[in-house]
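Asks: pasting a predicted model and its sequence here:
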Amino acid sequence: MPNTDQNEVLFERARAVIPGGVNSPVRAFRAVGGTPRFVKRAQGAYFWDATDKRYIDYIGSWGPMILGHGHPAVVEAVQRAVTEGFSFGAPTEREIELAEAILALVPSMEMVRLVSSGTEAAMSALRLARGATGRKYIIKFEGCYHGHADALLVKAGSGLATFGNPTSAGVPPEVVQHTLVLEYNNIAQLEETFALHGHEIACLVIEAIAGNMNFVRASAAFAKRCRELCTQNGALLVFDEVMTGFRVGARGAQGVLGITPDLTVLGKVIGGGMPLAAFGGPRAIMEHLAPLGPVYQAGTLSGNPVATACGLATLKEVAKPGFFEALSRKTRALVDGLEAAAKAAGVSFSVDSEGGMFGFFLLDALPQNYTAVMKSDGAKFNALFHGLLDRGVYIAPALYEAGFVSAAHSDDDIAATIEAARQIFATL
Ligand SMILES: *Cc1c(COP(=O)(O)O)cnc(C)c1O
C-alpha cells in the first residue's frame, strides 16, 4: 500500500540522509513512538504539519518563541536586517544594542559576549570560570542540561561517588574526571562536596529552575546554599538560564529566586528563534576573555546581524510592562485547568509553572530531583501525548521536558487544550 501520510513520506526520506531523520534527537519520537510531525509553517500559537493539520504549539521551538510565531514586529526587524547583509565578520552597532538590552534586564551582568548556541555559551562560561579561578573542578546536577560539550555529558556515578560517568559514547572518562555530579536539591551532599573539594572548585553550574528534567525548582534553601558555598570557597556560581532567561520572568530564575550568580548563560528567547546565545557577568570576570585576557573564545557568526535583529525585536516586546504578568496568568490557567481535569478523572497529577514555562507530572506530588522525575508513569504519559497530538495539541514528546506558553496563545487555545486533556484523562 502506498504511504499516504506526508509526515511518514518525509520521515522516510529524512532517515535516508540524516541520522534518525532529525537534526536534534529530541525531535524524534523515540520516547513516545510514532512519526515526528514535519512542520510546514507556523503562525501565532500554531504550526501546521506536512498534512496541513494544525497544532496548538506548546514547545515553541523549545523555548525561543515566547511571542508566538511570526510576530509582526520581529518579522519586520528581520526583513530589514536581511536587506542590509547576512554576516560581516566585523562589529556592528546592533550587537551593542542587544548587549545593552540584555544588561538592562539582568542586573547581575556588567558585560556579555554573544555566541550562536546555548551549548557554546555554557561551554565558554565554564572555560571562563576555570580560567578566571585557575581551578579545574566543576559541579553540575543530575537532570540539568547545559548543552552537549564533552565535560557536561555526564551522569552521577554509582553509589555515593560524585565523580561522573560519560553519558555519551565518544567522551573519554578522563574528559569528565573534573566534573562532579550531584543530586539536585540535596543540601547535605552539596556541603560534603565543598568540604572535600572546595578549594579546587572553579564553578557550580545549575539550572535554578530546571527545564530539562521536566520542571523542577531549586528550593529557596538549596539555591541560597549554592550561593553561600561558592562565595565562601571562591568558586563561581553559574546560572544556566538558556531556558529560563526572559521566559520565567524579565530577570530569569535569578530574579524569581532573588539570587545573584557570578555568571549567567543565556540562549533561546534572546534569539527569538534565530541562532543566538550569550554569557556574561561582572566586568572583572569577563575581562579574562580574549582579546583582553588569556581565556580564548571566538565565533565566525557570533553576534550575527540578522540574529541580533531578531533577538532585539523579541526582547523589546518581552520588556514591555505587564508582559510577564499576562503570560504567567495564561500559563497558570492552563496548568490549573489540566490539574482540575486530571483530579476529576482520578489521575495522579501535579503541576508547576513560572512565567511562560510549565511542567506536569503523572505523580501525586512534585518531584524534587531527577530520580523522582523518572518515576513518572511513562505509559500513561505516552497515551496522553498521542491523545493530545491526535486532537491537535503538540506538547514535548518526552516526559522529562518542560512546556512553553507564548503570548500568542489565546484563552480559547487554552480551553481547547484542557478539554482535549479531559477527554484523554477519562480513558487513563
Ligand atoms: C537548550 C539548553 C542548552 C543548550 O542550548 P542549545 O542552543 O541547544 O545548544 C543549554 N542549557 C539549557 C538550560 C538549555 O535549556
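Replies: Arrived safely, thanks for sending.
Asks: where does the one residue in the stretch 251-400 of the chain that gets nearest to the ligand fall, phi/psi-wise?
Replies: When scored by CB to the nearest ligand atom, the stretch 251-400 of the chain has residue 267 as its residue closest to the ligand, at 4.8 Å. Using the backbone N, CA and C atoms, a C-beta is placed for each residue, glycine as well. For residue 267, the backbone dihedrals (degrees, to the nearest 10) come out as phi -170, psi -150.
Asks: show me where the protein has its helices.
Replies: Secondary structure of the chain by DSSP state H: the helices cover 6-17, 72-84, 93-105, 118-133, 187-197, 220-233, 252-257, 283-286, 305-318, 323-344, 370-373, 378-390, 411-425.
Asks: what pLDDT is listed against the residue of the stretch 251-400 of the chain closest to the ligand?
Replies: What the model reports for residue 267 is a pLDDT of 98.
Asks: quick one: it and residue 275 touch, right?
Replies: No: checked against CB atoms under 8 Å, the pair residue 267 and residue 275 is beyond contact range at 9.2 Å.
Asks: what does the stretch 201-350 of the chain put close to the ligand?
Replies: Residues of the stretch 201-350 of the chain lying close to the ligand by CB under 6 Å from any ligand atom are 207, 211, 212, 240, 242, 243, 267, 277.
Asks: again, only using 5 Å
Replies: Contact residues (CB under 5 Å from any ligand atom) of the stretch 201-350 of the chain with the ligand: 207, 240, 242, 243, 267.
Asks: please report how far the fourth one lies from residue 59.
Replies: I take that to be residue 243. Counting by CB to CB, to the nearest Å, the gap from residue 243 to residue 59 is 12 Å.
Asks: which of these two has more residues huddled nearby?
Replies: More neighbours surround residue 243 than the other of residue 243 and residue 59, with 28 against 19 (other CB atoms under 10 Å).
Asks: now the more buried one: closest residue in space, sequence neighbours ignored.
Replies: Once flanking residues are discounted, residue 243 sits nearest to residue 211: 4.0 Å by CB to CB, 6 or more residues apart in numbering.
Asks: how many neighbouring residues does that neighbour have?
Replies: Count around residue 211 with other CB under 10 Å applied: 30.
Asks: please apply the same query to residue 283.
Replies: By other CB under 10 Å, 10 other residues sit near residue 283.
Asks: picking up where we left off before, neighbours of the residue of the stretch 251-400 of the chain closest to the ligand, how many?
Replies: Residue 267: 28 surrounding residues under other CB under 10 Å.
Asks: what's the answer for residue 357, then?
Replies: For residue 357, the neighbour count with other CB under 10 Å is 26.
Asks: and residue 376, by the same measure?
Replies: Using other CB under 10 Å, residue 376 has 18 neighbouring residues.
Asks: next one: the one 10 residues further on
Replies: Neighbouring residues of residue 386 were enumerated by other CB under 10 Å; the total is 16.
Asks: tell me the contacts of it?
Replies: Residue 386 makes contacts with 32, 33, 34, as judged by CB atoms under 8 Å, 6 or more residues apart in numbering.
Asks: related to what we said a few turns ago, anything in contact with each of residue 267 and residue 275?
Replies: The overlap between the contact sets of residue 267 and residue 275 (CB under 8 Å, 6+ apart) consists of residue 117.
Asks: related to what we said a few turns ago, and the contacts of residue 386, which of them are buried?
Replies: With burial judged by 16 or more other CB atoms under 10 Å, the buried subset of the contacts of residue 386 is 32, 34.
Asks: could you dump the contacts of residue 386 to TSV with pLDDT and distance to residue 180?
Replies: TSV is the format used below for those (pLDDT from 0 to 100; distance: CB to CB, whole Å):
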residue	pLDDT	distance to residue 180
32	92	33
33	93	36
34	93	38
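Asks: from the contacts of residue 386, which single one is nearest the ligand?
Replies: Set against the ligand, the nearest of the contacts of residue 386 by CB to the nearest ligand atom is residue 32 (19.7 Å).
Asks: the closest one touches residue 395, doesn't it?
Replies: No: counting by CB under 8 Å, residue 32 does not reach residue 395; the two are 9.9 Å apart.
Asks: joint contacts of the two?
Replies: Counting by CB under 8 Å, 6+ apart, the shared contacts of residue 32 and residue 395 are residue 385.
Asks: the residue nearest to residue 69 when sequence neighbours are not counted: neighbour count?
Replies: Nearest in space to residue 69, with sequence neighbours left out and distances taken as CB to CB, 6+ apart, is residue 42 at 3.7 Å. Residue 42 has 19 neighbours, counted by other CB under 10 Å.
Asks: quick check: residue 42 vs residue 338, distance?
Replies: Distance from residue 42 to residue 338, by CB to CB: 23 Å.
Asks: tell me the residues on the stretch 51-200 of the chain that lie near the ligand, please.
Replies: Residues of the stretch 51-200 of the chain lying near the ligand by CB under 5 Å from any ligand atom: 117, 118, 119, 146, 147.
Asks: show the contacting residues for the first one.
Replies: Contacts for residue 117 were tallied using CB under 8 Å, 6+ apart; they are 147, 267, 275, 277.
Asks: swap the cut-off to 7 Å and go again
Replies: 267, 275, 277 (CB atoms under 7 Å, 6 or more residues apart in numbering).
Asks: which of the residues you listed sits closest to residue 304?
Replies: residue 275 (7.2 Å; CB to CB).
Asks: so the closest one sits against residue 307, correct?
Replies: Yes: here residue 275 reaches residue 307: they are 5.8 Å apart, a contact under CB atoms under 7 Å.
Asks: for those two, indicate the residue with more neighbours.
Replies: residue 307 (28 against 18).
Asks: pLDDT score assigned to that one?
Replies: On pLDDT, residue 307 comes in at 98.
Asks: for the residue nearest to residue 426 when sequence neighbours are not counted, grab phi and psi.
Replies: Excluding the flanking residues, the one nearest residue 426 by CB to CB, 6+ apart is residue 345, at 5.3 Å. Per-residue torsions, residue 345: phi -90, psi 0 (degrees, to the nearest 10).
Asks: where does the chain get nearest to the ligand, residue-wise?
Replies: Counting by CB to the nearest ligand atom, the chain gets nearest the ligand through residue 118, at 2.1 Å.
Asks: so who does that residue touch?
Replies: Residue 118 touches 147, 242, 265, 267, 268, 277, counting by CB under 7 Å, 6+ apart.
Asks: and which of those residues is nearest residue 107?
Replies: Looking across the contacts of residue 118 and measuring by CB to CB, the closest to residue 107 is residue 265, at 16.2 Å.
Asks: quick one: the residue of the stretch 251-400 of the chain closest to the ligand and residue 336, what's the gap?
Replies: As judged by CB to CB, residue 267 and residue 336 stand 29 Å apart.
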